[in-house]
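Chemist: Any chance you could fold what I've pasted below:
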Amino acid sequence: MTTQLRRTKSAAVAGLCALALGLAACSGSDTPADESKPLPTVTGNPAVTLDVFAPQAADWNLSTNDFTQKVKKQFNISFKWQTSTFDGGPAKEKRQISLASGDYPDLYLLIPWVDQFTPAELMKLGNQGVLVPLNQLIDQYGPNIKKALDAEPEWKAMATAPDGKIYGMPQWVDCYHCSYQGKLWMNTAWLKKLGLEQPKTTEDMRKVLQAFKTQDPNGNGKADEIPLSASVRDALIPYFMNAFIYDPQGTSGNNNSTLVLKDGKVDMQANKDGWREGLAYLNSLYKEGLIDKGAFTQNPDALQQQGDSGKAPLLGSAAVLHLGIAVSNLPDGRQKQYDAVPPLTGPQGVNHTGYNFPSAPGATFVLTNKATQEEQIQAIKLLDYIFTDEGQMNAFWGTEGKTWKRPEAGDVALDKSLKPTYKVIPQPEGGTPPNSGWQALAQYNNTEKYRNSEAIATDIYSPSGYERRLFEATKLYEGKEDKSLIYPYWKVWIDPTLAGEVATLQTNIENYVQQNSLQFITGSKNIDSDWDAYVKGLEGLGLKRYLEIQQAAYDKMPNK
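Modeler: Numbers count the residues shown, from 1 in each chain. Next up, the predicted model:
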């Protein structure tokens, strides 16, 4: 079949498919891939052209990118790029439209936090024959991929559907500081000026925030201090809620669920007494004017403007994954004033932090039935190269000597017990981005050892020591998670026939929890008189059914 014929789809068929499936998928082939037949043995790298759908940052050019040019020569691959932006909403819409139209690419190369395929989408599209299972390709042409999956059972479980097929490759990003997202960063200089210590309890926190509000810690003679803030992406609730009840929610948009596992039974936290107590505490802070009114509605840019504004700092503390989200690396050095505050202890002695699995379930590397066998093989060879040490360096960071280099004498690895293996070359601020690597498009075999072997400056308050600052701060949170309650959502596969129902239930329940939590905190709902109605509302949204489906999926999960 010629390339032209392979890519042709009648408007009538595409239209019928779109009407039948919505923006789900329309197969570009009448038959799914036959995995019973061995793949041909291909020696060398025959010339192929891959149609690739990928997000592209505003300052990137994937066509002229250094790594694109490198693999074009190395694997004899030409690329035809179909790009979206890093804005998740439009990116998802464009990806769905490409599927519904029937004119989808050979390969989707995505980023988890922009818009990757969900496990439910993988199962649905895989069963329709739209996606090519990768098992045989990996077995024959992906030795480094196979080795990596075998070395990380959690990764293999996350990648493998219940039918045993790998419909797409998820990224493995063993990010230590990302695993404990509910951090709080506080202005230590303000504490010292006011003769205060870092708060250890929820009541300590109240007293500190009151002092920030009333005692002019920035010394400008104005009552302009913002004691505590956050944003819609880096949520404020998890850090504080964990002083009352274990809250597994993330603060970077990748886990809005309060699902937990209690003695093998799936449950949720947002209808429990501890959750109510946490909301009541936050409401008391809000009523005293200690929480910025924009903390629950502003975007990250607005939060950073609060941190960067004023000749003297205005922001006392912020609940963010890492400080740079709230305070930039400014010439006045104010970013050096902030340090992480360990988890607080609540009135009942609860002292937790949430654990977030650092890799997102789903897939970012997805081959479709539009790709010929030769194209599939070349694509897997490319991915397999990215799984090597050399390939990972070139794919993520870019060209050696331009964006990264070998360590020098005296360099220290992020984990001081490891030998440093690479060092990033800082780029001048305000200069033209190097357009050298694929960065997050190629962040696959990102193991703990690899990440922690990066040479990082030992001064944690210097720009080049920032990663070490996060590393050291995270040690304050590690181990405070309640391991007995962690629900392994990242390797739970929902029955694809129930995927639509689950997606609706999950969206409705999570939105309801979020909206009502904010209403209780801001006082538009009364925690005493409206709580029972809130709990009944959850039941009315189908919470029982939602937990039943999650439980059934968990029970089928192998190697619990």
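Chemist: any idea which helix is longest in this protein?
Modeler: helix 499-522 (DSSP state H).
Chemist: burial measure for residue 482, as a count.
Modeler: 17 (other CB atoms under 10 Å). Every C-beta, even on glycine, is put in place using the N, C-alpha and C of the backbone.
Chemist: In space, what's closest to residue 450 - neighbours in sequence excluded?
Modeler: residue 392 (7.0 Å; CB to CB, 6 or more residues apart in numbering).
Chemist: Which strands or helices does whichever strand or helix holds that neighbour pack on?
Modeler: Element membership for residue 392 (DSSP states H and E) is helix 389-392. On a contact count with 3 or more CB pairs under 8 Å, 6 or more residues apart in numbering; DSSP states H and E, helix 389-392 meets helix 373-386.
Chemist: where along the stretch 301-450 of the chain do the strands fall?
Modeler: Ranges of strands in the stretch 301-450 of the chain, per DSSP state E, counting those that start in this stretch, are 317-318, 338-341, 365-367, 404-405, 423-424, 445-446.
Chemist: which other residues reach the longest one?
Modeler: Read that as strand 338-341. 183-188, 198-199, 317, 323, 327, 473, 476-477 (CB atoms under 8 Å, 6 or more residues apart in numbering).
Chemist: try stretch 536-551
Modeler: 259, 265-268, 270-271, 487, 492, 494-495, 498, 501-502, 505-506, 508-509, 512-513, 516.
Chemist: Could I get the CA-only coordinates of it as CSV?
Modeler: C-alpha atoms of stretch 536-551 as CSV (Å, rounded to 0.1, in the frame of the first residue of the first chain):
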residue,chain,number,x,y,z
LYS,A,536,-25.2,13.5,50.8
GLY,A,537,-24.3,15.3,47.6
LEU,A,538,-21.3,13.1,47.1
GLU,A,539,-23.6,10.0,47.4
GLY,A,540,-25.9,11.6,44.9
LEU,A,541,-23.1,12.0,42.4
GLY,A,542,-22.5,8.2,42.5
LEU,A,543,-19.6,7.9,44.9
LYS,A,544,-20.6,4.3,45.9
ARG,A,545,-20.6,3.2,42.2
TYR,A,546,-17.3,5.0,41.6
LEU,A,547,-15.6,3.2,44.5
GLU,A,548,-17.1,-0.1,43.4
ILE,A,549,-15.5,0.3,39.9
GLN,A,550,-12.1,1.3,41.4
GLN,A,551,-12.3,-1.6,43.8
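Chemist: Go through the helix holding residue 392 and flag the buried ones.
Modeler: Using 16 or more other CB atoms under 10 Å as the test for burial, helix 389-392 gives 391, 392.
Chemist: cool, stretch 356-374 as well?
Modeler: Buried-residue list, stretch 356-374, by 16+ other CB under 10 Å: 356-371.
Chemist: wait, which of those is closest to residue 458?
Modeler: Taking CB to CB as the measure, residue 458 lies nearest residue 358 of the buried residues of stretch 356-374, at 24.5 Å.
Chemist: list the contacts for that closest one?
Modeler: 173, 174, 175, 176, 178, 179.
Chemist: just residue 527 next, same as before
Modeler: 276, 279, 280, 283, 520.
Chemist: Most neighbours out of the residues you listed, which is it?
Modeler: residue 279 (25 neighbours).
Chemist: ok, the nearest residue to that one once chain neighbours are set aside to residue 531 distance?
Modeler: Spatially, and ignoring its direct neighbours in sequence, residue 279 is nearest to residue 520 (4.4 Å; CB to CB, 6+ apart). Residue 520 sits at a distance of 8 Å from residue 531 (criterion: CB to CB, to the nearest Å).
Chemist: ok so, going back, any of the contacts of strand 338-341 buried? List them.
Modeler: Buried by 16+ other CB under 10 Å: 183-188, 199, 317, 323, 327, 473, 476-477, out of the contacts of strand 338-341.
Chemist: Keep only those of the residues you listed that are in helices.
Modeler: Those of these lying in helices (DSSP H): 188, 473.
Chemist: Nearest to residue 335 among the buried ones among the contacts of strand 338-341?
Modeler: residue 327 (4.8 Å).
Chemist: Pull up the gap between the nearest residue to that closest one once chain neighbours are set aside and residue 315, please.
Modeler: Distances taken as CB to CB, 6+ apart place residue 307 nearest to residue 327, at 3.7 Å, with adjacent residues excluded. Between residue 307 and residue 315 the computed distance is 5 Å (CB to CB).
Chemist: tell me, what's touching these two both at once?
Modeler: Joint contacts of residue 307 and residue 315 (CB under 8 Å, 6+ apart) are 326, 327.
Chemist: Between these two, which is the more surrounded one?
Modeler: Ranked by neighbour count (other CB under 10 Å), residue 307 and residue 315 place residue 315 first, with 30 against 26.
Chemist: Show me what residue 54 is bridged to.
Modeler: Beta bridges link residue 54 to residue 83 when assigned by DSSP bridges.
Chemist: List the contacts of it.
Modeler: So residue 54 contacts 62, 81, 82, 83, 84, 108, 109, 110, 441 (CB under 8 Å, 6+ apart).
Chemist: Just give the number of residues close to residue 465.
Modeler: So residue 465, with other CB under 10 Å, has 18 neighbours.
Chemist: Contact partners for the residue nearest to it when sequence neighbours are not counted?
Modeler: Counting by CB to CB, 6+ apart, residue 457 is the residue found nearest to residue 465 once chain neighbours are left out, at 3.8 Å. Shown in contact with residue 457 (CB under 8 Å, 6+ apart): 464, 465, 468.
Chemist: Save those residues as TSV, and put in pLDDT, distance to residue 296 and secondary structure too.
Modeler: Listed next are the contacts of residue 457 as TSV, based on pLDDT from 0 to 100; distance: CB to CB, whole Å; DSSP: H, G, I helix; E, B strand; the rest coil:
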residue	pLDDT	distance to residue 296	secondary structure
464	93	34	helix
465	96	32	helix
468	97	32	helix
